[in-house]
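Peer 1: next comes the sequence, and after it the predicted model I'd like to discuss.
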Amino acid sequence: MVVGRVLGQLAKIPFKFNINVRGPFRAILGTARSLQDPTNLIQSVLPQMLRDKPTTTTNVQPQESGSVR
């Protein structure tokens, strides 16, 4: 009971958030973007030869064998 009453009173206290962001704005946006989709971050680190290589899929099971269930 006492904890709930104290937490209820604390929830009513107004907080003022004064946040300043200083730094390279593009880098901050890039970091925020890479948290959601790291593709650009990975592409910037990969060597050029790996980026230019086409992606192919390989079938592991030969066609002669039937499908296994």
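Peer 2: In hand now; what should we look at? Numbering: from 1, shown residues only.

Peer 1: what packs against the one helix or strand Ser44 maps to?
Peer 2: Element membership of Ser44, judged by DSSP states H and E, is helix 39-45. Applying 3 or more CB pairs under 8 Å, 6 or more residues apart in numbering; DSSP states H and E, one finds that helix 39-45 contacts helix 25-36. From N, CA and C alone the C-beta is placed, and that goes for glycine too.

Peer 1: show me what the helix it packs on is packed up against.
Peer 2: helix 39-45.

Peer 1: what is the mean pLDDT for the helix it packs on?
Peer 2: In this model, helix 39-45 has a mean pLDDT of 78.

Peer 1: cool, stretch 8-27 as well?
Peer 2: Here the average pLDDT along stretch 8-27 is 81.

Peer 1: spatially nearest residue to Gly30, not counting backbone neighbours?
Peer 2: Asn40 (7.4 Å; CB to CB, 6 or more residues apart in numbering).

Peer 1: so what's that neighbour up against?
Peer 2: Contacts for Asn40 (CB atoms under 8 Å, 6 or more residues apart in numbering) come out as 30, 33-34.

Peer 1: tell me which of those residues is nearest to Gly23?
Peer 2: Lowest distance from Gly23 to those (CB to CB) belongs to Gly30, with 11.5 Å.

Peer 1: how near is that closest one to Gln61?
Peer 2: Gly30 sits 42 Å away from Gln61, going by CB to CB, to the nearest Å.

Peer 1: more crowded one of these two?
Peer 2: Counted by other CB atoms under 10 Å, Gly30 and Gln61 do not tie: Gly30 has more neighbours, with 14 against 9.
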